[in-house]
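Trainee: Pasted the sequence and its predicted model underneath.
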Amino acid sequence: MTRRTDVVVVGGGQSGLAAGYHLRRLGIDHVILDARTAPGGAWQHTWDSLRLFSPAEHSSLPGRRMPVQPGQTYPDAQHVVDYLTDYEKRYELPVQRGARVSAVHRDGAFLRVETDGGDWQARAVVSATGTWNRPFLPAVPGRREYTGRRLHTVQYQAPAEFSGQRVVVVGGGNSGAQIAADLAHAGIDLVWVTQRPPRYLADDIDGRALFDVATARRRALDAGRADTGGVASLGDIVAVPPVRTARDAGLLNPKPMFSRLTPTGVAWADGTTAEADAVIWCTGFRPALAPFSALRLRGTRGHIATVGTRAVDEPRLHLLGYGDWTGPASATLIGVGRPARDAAREISALLSP
Ligand code: FAD
């Protein structure tokens, strides 16, 4: 059975909901298809101690402020799940869960969206699939010989499961620093390795400033002015309270990246080694764009070339929430609202006779 609508949004995490909010405001018929069976997108799966890097009032989607979490300046992931659950109910967003999109094809004046439960024909599609489903693991020599446990950020839950073990955490970004701090606070035998010395943002800078800096950079580039350097110019790690306390207590002592894995641990080029029962790779993500491969739009680093959120070579496709290349700070709660609004407006113009 093929159903028809003006817009299919693929993904019902925060980005898909922000798209739905603006499409609804413009009176555009749409459906949001989400593979997961419960609301909240990737926030349902993060580790137990994760805290947002911005206070609640700076982590809001369009239209509805995130309420403060009692006793917490920086809310936890469950608070975000509750907020997103309430958000989609409040705006009666047409989310269909358990609906995995396997492929999107061109179909004359339509895009055909294939799911396990049947096809949709849409005049435009918004891709809001996130990155959580595509963890990135670098190709490090010796990885096939290593016999210990290998995890990515997405599989990390809590220090308890590493009790009595030696753990190597790889990665100098927020996930690496937060997971290293989590393990260090719990007294786990830890080696934290980073490709370059960790770059902490000043202690008084959090996600609020990051949003402002990303926006200023986009404005400068759009106006043809010099690149201001964006968020990366400030540092890589937001010094959220657990990271700050671990760092200040001397619990985070980063080592440079090792050169290879051994059967029982890691080895550096100078011959030093460390045994490891587990290596946790906090090495980032790639955009989950496999359903769009039939459109043959892939560019460098797995991205699709965009102007704003619109795919350059397929004006009926918009991409939302993947990073600055789909709108300044669009991969954050506070940042996704503006590109979602712009995408909805462009789609509205496209659909106008
Ligand atoms: P997701 O939350 O991943 O949602 C995508 C949805 O699409 C999922 O429900 C998925 O099931 C669905 N989907 C995927 N593929 C398909 C398919 N083929 N068919 C149907 N459905 C599909 N941002 C902040 O603002 N503050 C923070 O403090 C913060 N901390 C972060 C910490 C970590 C460790 C990470 C990884 C990110 C953090 N972010 C933070 C960034 C960002 O807000 C989150 O990654 C957020 O989950 C992105 O939302 P999203 O809707 O784009 O993607």
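Mentor: Now that the structure is in, tell me what you want to look at.
Trainee: any weak-confidence spans in the protein?
Mentor: By pLDDT under 70, the weakly predicted segments of the chain are 210, 214, 218, 229-233.
Trainee: Which positions in it make contact with the ligand?
Mentor: 10-16, 33-36, 41-43, 46, 52-54, 59, 100-101, 128-130, 132-133, 175, 207, 288, 291, 321, 331-333 (Cβ under 6 Å from any ligand atom). All C-beta spots, glycine's among them, are computed from the backbone N, C-alpha and C.
Trainee: and those, which of them are in strands?
Mentor: In this view, the residues of the chain next to the ligand that belong to strands under DSSP state E are 10, 33-34, 101.
Trainee: Most neighbours among these, which one?
Mentor: Among these, the one with the most neighbours (other Cβ atoms under 10 Å) is Val10, at 30 neighbours.
Trainee: Need the phi and psi values for Ala139.
Mentor: Dihedral pair for Ala139: phi -80, psi 90, per degrees, to the nearest 10.
Trainee: of the residues of the chain next to the ligand, buried ones?
Mentor: 10-16, 33-36, 41-43, 46, 52-54, 59, 101, 128-130, 132-133, 175, 207, 288, 291, 321, 331-333 (16 or more other Cβ atoms under 10 Å).
Trainee: now, which of the ones in strands among the residues of the chain next to the ligand sits nearest Arg316?
Mentor: The shortest approach to Arg316 among these belongs to Val10, at 12.9 Å (Cβ to Cβ).
Trainee: Nearest residue to that closest one in space, please, no chain neighbours.
Mentor: By the measure of Cβ to Cβ, 6 or more residues apart in numbering, the closest residue to Val10 outside its immediate chain neighbours is Val101, 4.8 Å from it.
Trainee: same question, Arg338
Mentor: Nearest to Arg338 is Gly327, by Cβ to Cβ, 6+ apart, at 6.4 Å.
Trainee: re earlier: ok, the residue nearest to Val10 - contacts?
Mentor: When contacts are counted by Cβ atoms under 8 Å, 6 or more residues apart in numbering, Val101 touches 8, 10, 33, 35, 113-115, 291.
Trainee: now the helices for this structure?
Mentor: 14-25, 77-90, 174-185, 207-222, 241-248, 337-351 (DSSP state H).
Trainee: Pull the residues that contact the last one.
Mentor: Read it as helix 337-351. 6-7, 15, 18-19, 21-23, 25-26, 28, 60-62, 123-124, 126, 308-310, 315-316, 318, 320-321, 326-328, 330.
Trainee: buried sites along that helix?
Mentor: Going by neighbour count (16+ other Cβ under 10 Å), the buried part of helix 337-351 is 337-344, 346-348.
Trainee: likewise the first one?
Mentor: The neighbour-count criterion (16+ other Cβ under 10 Å) identifies 14-24 as the buried residues of helix 14-25.
Trainee: Not counting it itself, show me its contacts.
Mentor: So helix 14-25 is in contact with 7, 9-10, 30, 32, 34, 41, 43, 61-63, 80, 84, 87-88, 91-95, 126, 128, 130, 318, 320-321, 330, 333, 336-337, 340-341, 343-345, 347, going by Cβ under 8 Å, 6+ apart.
Trainee: Tell me the one among the contacts of Val101 nearest to Thr215.
Mentor: Using Cβ to Cβ, Val10 comes nearest to Thr215 of those, at 26.0 Å.
Trainee: Can you name the residues bridging to the closest one?
Mentor: Leu33, Ser127 (DSSP bridges).
Trainee: thought it was touching Ala122?
Mentor: No. At 9.9 Å, Val10 and Ala122 do not qualify as touching, with contact defined as Cβ atoms under 8 Å.
Trainee: quick one on the thing from earlier: what sits against the residue nearest to Arg338?
Mentor: For Gly327, the contacting residues are 218, 308-309, 320, 335-336, 338-339, 342, by Cβ under 8 Å, 6+ apart.
Trainee: ditto for Ala267
Mentor: Neighbours of Ala267 in contact, by Cβ under 8 Å, 6+ apart: 142, 258-261, 273-274.
Trainee: Which residue would be the closest one in the stretch 51-200 of the chain to the ligand?
Mentor: Taking Cβ to the nearest ligand atom, the ligand has its nearest neighbour within the stretch 51-200 of the chain at Gly130, 2.4 Å off.
Trainee: Val10 is in contact with that residue, correct?
Mentor: No. Taking contacts as Cβ under 8 Å, Gly130 lies outside contact range of Val10: 10.2 Å.
Trainee: burial count for Thr326?
Mentor: With neighbours defined by other Cβ under 10 Å, the count for Thr326 comes to 25.
Trainee: Leaving out chain neighbours, which residue sits closest to it?
Mentor: What sits nearest to Thr326 in space, not counting adjacent residues and going by Cβ to Cβ, 6+ apart, is Leu319, at 4.8 Å.
Trainee: ok, the one you found to the ligand distance?
Mentor: Using Cβ to the nearest ligand atom, to the nearest Å, we find Leu319 at a distance of 10 Å from the ligand.
Trainee: let's have the chain start at 8 instead
Mentor: Shifting the count to begin at 8 puts that one at Leu326.
Trainee: how many other residues sit next to Pro69?
Mentor: Pro69: 17 surrounding residues under other Cβ under 10 Å.
Trainee: so what's it up against?
Mentor: By Cβ under 8 Å, 6+ apart, the neighbours of Pro69 are 25, 28-29, 344, 347-348.
Trainee: mind redoing it with 10 Å?
Mentor: Residues counted as contacts of Pro69 (Cβ atoms under 10 Å, 6 or more residues apart in numbering) are 24-25, 28-29, 32, 94, 98, 341, 343-345, 347-348.
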